[in-house]
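Peer 1: What follows is a predicted structure for the sequence shown.
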Amino acid sequence: QVQLVESGGGLVQAGGSLRLSCAASGRTFSTYAMSWFRQAPGKEREFVAVIRKSGNTNYADSVQGRFTISGDNAKNTVFLQMNGLKPEDTAVYYCAARLSPLPFTSQHQSAYSQWGQGTQVTVSS
C-alpha cells in the first residue's frame, strides 16, 4: 500500500499562488500515476491534474495554463503549483495514487486506489 499526506493549503487572495505537496510512503515503487482532485462545497469531487510514471501530464481545462503538476522521485513527493488562483478554485484538494499499470482514464476517481486526507485551499476575492 501507499500512504499519501497532502500539505500546503491555505488562504490566498485572488491572483495569488500556492504550492501543494503530496508526500508518499510505503510501496511507492508500485505507483504508476499520481493525481490531484478537488471538491468544492456542495459539489462533486473533480479531476485537476495527473502525472504518470513516464512523466506525461494532463490537466483539467479549468486549470490548464495556471496549474503545474510535477514530481520529485527522490523524495516520493508530487507537487501542484497553482498560479493565478480564482475564487472558484476554492476547494479541498486531494492527492491520489494509482498502483495498477493497466491503461486508465485519469479523470475517473475509480482509477485510483489510494487517497490522502485532503488540504483546504481558500481563495478570497
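Peer 2: Everything's here; your move.
Peer 1: Do you have the strands of the protein handy? List them.
Peer 2: 2-7, 10-13, 18-26, 33-39, 46-52, 57-59, 67-72, 77-82, 91-98, 114-115, 119-124 (DSSP state E).
Peer 1: and the residue nearest to residue 125 when sequence neighbours are not counted, how many neighbours?
Peer 2: Leaving aside its chain neighbours, residue 125 sits nearest to residue 87 (4.7 Å; criterion: CB to CB, 6 or more residues apart in numbering). Every residue, glycine included, has its C-beta placed from N, CA and C. By the criterion of other CB atoms under 10 Å, residue 87 has 11 neighbours.
Peer 1: Could you export the strands of the chain as TSV, including mean pLDDT and distance to residue 106?
Peer 2: Formatted as TSV, the strands of the chain follow (pLDDT from 0 to 100; distance: least, CB to CB, whole Å):
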stretch	mean pLDDT	distance to residue 106
strand 2-7	94	16
strand 10-13	98	26
strand 18-26	95	15
strand 33-39	97	6
strand 46-52	97	4
strand 57-59	97	6
strand 67-72	95	11
strand 77-82	97	14
strand 91-98	97	8
strand 114-115	96	15
strand 119-124	98	20
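Peer 1: Nearest to residue 107 among those would be which one?
Peer 2: strand 46-52 (4.1 Å; CB to CB).
Peer 1: Between strand 91-98 and the closest one, find me the angle.
Peer 2: 40 degrees (axes from the mean of the first three to the mean of the last three CA atoms, to 10 degrees).
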